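In: The sequence isn't on hand, but the structure is:
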């Protein structure tokens, strides 16, 4: 009897413990989202224009969400490394990432584990960057034609930096130089800040970068030769577009935020609403203006549709450039 009483007491205690644990589990499951900090992965090095602006966006969104949105950096591979994080993350809303243009191109040029349409849940489109060709302020190269002339006179000696192999700047360079049968040395960097430093220091002769170069151009440390947008920039009205120079190329790079595949609709809505409010905060708009950027908002459904369209277009772009001739000119 003594043993039986002890067994019953133990069993009752275990049942009580299980009940408590079950209650805690139910309470945890029922906790409103978000109940802890959210991590926003930025696929570029710290200190660049996109990193700085997204840190501010995260700070502003935190106020609405009631939890901190902590930015973390996973730089390299042309801006695609954050996709590895999303691919492995739980769809609980606590891991999100920026979706830059290269993630839609990478699967067409190399083997990756993830699919940028199948394996993500688009949340919101934020903005887009414009690219331009830059040289040091004291360079003798003063136009795109000067670059072509130098490459023609010094085959394989013109060094041009980009923010990575397979990025939009790299593909545009391939298009521009291959069309003329010209060669150049492609120098890929992980992000904007270190590339701009390299151009200013003369470590490379030219570079193609996003409009994070604005302060360096305005400060007279870099010269902007041409931009890739559809129209001239209000900020630099004397700088021509590629179209004006006879190239049918407009290279904008829209970006947004996404979570892992299977993110619940209520979580998507919560994140969307918080980041939309943050996007239209005057502080964020002013921050984007420093880099000649504007808000380019798309809601979750429209952004998902845009992602599918971009993915299809990138396949066409890669196939167009994947020729023996193209492969021999540049990185």
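Out: Sure thing, it's come through. This is a predicted model, so every value here is computed, not measured.

In: Only C-alpha atoms from now on, for both contacts and neighbour counts.
Out: Fine.

In: who's in contact with residue 296?
Out: 125, 126, 127, 128, 254 (CA atoms under 8 Å, 6 or more residues apart in numbering).

In: Pull out the buried positions in stretch 152-159.
Out: For stretch 152-159, a neighbour-count test (16 or more other CA atoms under 10 Å) marks 152, 156, 158, 159 as buried.

In: Let me see the residues that make contact with that stretch.
Out: 147, 150, 151, 182, 183, 184, 185, 186, 187, 204, 205, 206.

In: From these, keep the buried residues only.
Out: By 16+ other CA under 10 Å, the contacts of stretch 152-159 give 147, 150, 151, 182, 183, 184, 185, 186, 187, 204, 205, 206 as buried.

In: Counting neighbours, which of the contacts of residue 296 comes out on top?
Out: residue 125 (28 neighbours; other CA atoms under 10 Å).

In: Assumed it was part of a strand.
Out: Yes - assessed by DSSP: H, G, I helix; E, B strand; the rest coil, residue 125 belongs to a strand.

In: can you tell me which residues contact residue 51?
Out: 42, 44, 45.

In: Against residue 173, how distant is the second one?
Out: With distances taken as CA to CA, to the nearest Å, residue 44 is found 21 Å from residue 173.

In: same question, the last one
Out: Distance of residue 45 to residue 173, given as CA to CA: 23 Å.

In: Of the contacts of stretch 152-159, which belong to helices?
Out: Of the positions in the contacts of stretch 152-159, 147, 150, 151 sit in helices, assigned by DSSP state H.

In: just checking, the first one touches residue 141?
Out: Yes - with contact defined as CA atoms under 8 Å, residue 147 and residue 141 form a contacting pair (6.4 Å).

In: Nearest residue to residue 69 in space, ignoring adjacent ones along the chain?
Out: residue 38 (4.7 Å; CA to CA, 6 or more residues apart in numbering).

In: Would you double-check that residue 142 falls in a helix?
Out: No - assessed with three-state DSSP, residue 142 is coil; it does not lie in a helix.

In: Excluding covalently adjacent residues, which one is nearest to the most centrally placed residue in the chain?
Out: The centre of the chain sits closest to residue 100, judged by CA atoms, centre = their mean, with a distance of 3.0 Å. Nearest in space to residue 100, with sequence neighbours left out and distances taken as CA to CA, 6+ apart, is residue 255 at 4.9 Å.

In: roughly how far out does the helix or strand containing the one you found sit from the chain middle?
Out: Following DSSP states H and E, the helix or strand that holds residue 255 is strand 252-260. From the chain centre to the centre of strand 252-260 is a distance of 6 Å (CA atoms, centre = their mean, to the nearest Å).

In: Using neighbour counts, pick out the buried residues of it.
Out: In strand 252-260, counting by 16+ other CA under 10 Å, buried: 252, 253, 254, 255, 256, 257, 258, 259, 260.
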